[in-house]
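J.: return a 3D structure for these sequence lines:
(one chain, ligands or ions: 1)
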Amino acid sequence: MRVGILGSGLMGSKLGTLFARAGHRVVFSYARRESKLRRLAREAGRNARAGTPSEAVRGADAILLAVHWSRVEDVLEKAGRLPGRVVVTCSLPMNREDTALVIGRTTSGAETLAKRLPKARVVSAFNTVPSEVLPGVFEARRRAARPSLVYCGDDAKAKRVAAELIRDAGFDPVDAGPLEIARYTEPFALLVARLAYDGEGGPELAYRFERCRR
Ligand SMILES: NC(=O)c1ccc[n+]([C@@H]2O[C@H](COP(=O)([O-])OP(=O)(O)OC[C@H]3O[C@@H](n4cnc5c(N)ncnc54)[C@H](OP(=O)(O)O)[C@@H]3O)[C@@H](O)[C@H]2O)c1
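T.: This is a model prediction of the structure:
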C-alpha cells in the first residue's frame, strides 16, 4: 500500500519506518524541519520518501494521522481534501500540557475527527501503545504469540486496511467494534501512558495486554 504519514514525530516516524520495512511505500510529512523528514526517509530505506502533507495524502491507500491534538486542524488544512480516504488516527485528544483528554464520555477524538472529515473513512488504532515498544514488536513479529492491538471504526474497508497495517507492524489486530468504542479506548490509552511513563512499569506494560482465548 501507499501510506501517507501526517506527523513524523515519535509515533509517525516509528510506524512509517516499520510500514516501509514491511514493504509499503511511505511518505513522511509534517515536521518542523524538512531535513528531519529527509533523514527519516533515508533511514527507512528505498520504500520511503519525504514530502509535504498534500504529497503524503495524494494517492494514499492509508493515511496515518500522528500529530498532537492541537496540530490536527493545521495538518488537515495542509493535507487538503480527503474524500474516500482511509485515515488511521493514533492522535489522542490531549490538552496542550498533555495531562488530560479534552474530549470524552459522550464522544471521542476519533469521532470528532470523523465529523471533521465526513467523507473520509476514519479508524482509530495504534494509540494504545507507547511508541517505544513499536520497534521491538516489529522485530519479534515472526513469533507465534503477538501482542494484541485494538482498533475501531465504522467502515469495513478502512478496518481491513488498518488491520493489515497493524499485522504488518507485528501486532495481532483486535476489532473492538464501531468508532464510538474510541470513547473507551482513548481513556484506556491515557491510562496505559500514565502507567508507562509516570509509574514504574515502563513501556513494556503494553505487552501485557493480551487477548484472552478460551
Ligand atoms: N508518543 C507515544 O507514545 C504516543 C502513544 C499513543 C498515542 N500518541 C498520540 O499520537 C500523536 C502523536 O504523538 P507523538 O508522540 O508522535 O508526537 P510528536 O513526537 O510531538 O510528533 C508530532 C509531529 O508533529 C510535528 N509538528 C508539531 N508542530 C509542528 C508545526 N508547527 N509544524 C510542523 N510540524 C509540527 C512534530 O515535528 P518535529 O518532529 O519537528 O517535532 C512531529 O513530527 C499524539 O496525538 C499522541 O497523543 C502518542
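J.: and the lowest-mean-pLDDT helix or strand in the chain, what does it pack against?
T.: None of the helices or strands of the chain scores lower by mean pLDDT, DSSP states H and E than helix 182-193, at a mean of 90. Secondary-structure packing of helix 182-193 (3 or more Cβ pairs under 8 Å, 6 or more residues apart in numbering; DSSP states H and E): helix 109-116, strand 121-125, strand 148-153. For glycine as for every other residue, the C-beta is placed from the backbone atoms N, C-alpha and C.
J.: please export the C-alpha coordinates of the shortest one as PDB.
T.: Right, the one you point to is strand 121-125. The C-alpha atoms that make up strand 121-125 are tabulated as PDB, following Å, rounded to 0.1, in the frame of the first residue of the first chain:
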ATOM      1  CA  ARG A 121     -13.100   6.600   6.400                       C
ATOM      2  CA  VAL A 122     -11.700   7.000   9.900                       C
ATOM      3  CA  VAL A 123     -10.300   4.200  12.000                       C
ATOM      4  CA  SER A 124      -8.700   4.600  15.500                       C
ATOM      5  CA  ALA A 125      -5.600   2.400  16.000                       C
END
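J.: nearest spatial neighbour of Asp74, skipping sequence neighbours?
T.: Residue nearest to Asp74 in three dimensions, not counting chain neighbours: Val67, with 8.0 Å by Cβ to Cβ, 6 or more residues apart in numbering.
J.: same question for Leu10.
T.: Nearest residue to Leu10 in three dimensions, chain neighbours excluded: Ser131, at 4.1 Å (Cβ to Cβ, 6+ apart).
J.: name the residue of the chain that lies nearest to the ligand.
T.: Residue of the chain nearest the ligand, by Cβ to the nearest ligand atom: Gly9 (1.7 Å).
J.: ok, that residue - contacts?
T.: 31, 66-67 (Cβ atoms under 8 Å, 6 or more residues apart in numbering).
J.: ok so, going back, which ones are touching the residue nearest to Leu10?
T.: So Ser131 contacts 10-11, 14 (Cβ under 8 Å, 6+ apart).
J.: would you reformat these as a markdown table and include pLDDT?
T.: A markdown table is the format used below for these (pLDDT from 0 to 100):
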| residue | pLDDT |
| --- | --- |
| Leu10 | 97 |
| Met11 | 98 |
| Lys14 | 98 |
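J.: whichever of these end up buried, select them in PyMOL.
T.: Entered in PyMOL, the line below selects the buried ones among the contacts of Ser131, by 16 or more other Cβ atoms under 10 Å:
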select buried, resi 11+14
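J.: for the contacts of Ser131, which one is nearest Val161?
T.: Val161 lies nearest to Met11 out of these, by Cβ to Cβ, at 17.6 Å.
J.: quickly check: the strand or helix carrying Phe28 near the ligand or not.
T.: With secondary structure defined by DSSP states H and E, Phe28 is part of strand 25-29. No. Using Cβ under 6 Å from any ligand atom, strand 25-29 stays clear of the ligand, coming no nearer than 8.7 Å.
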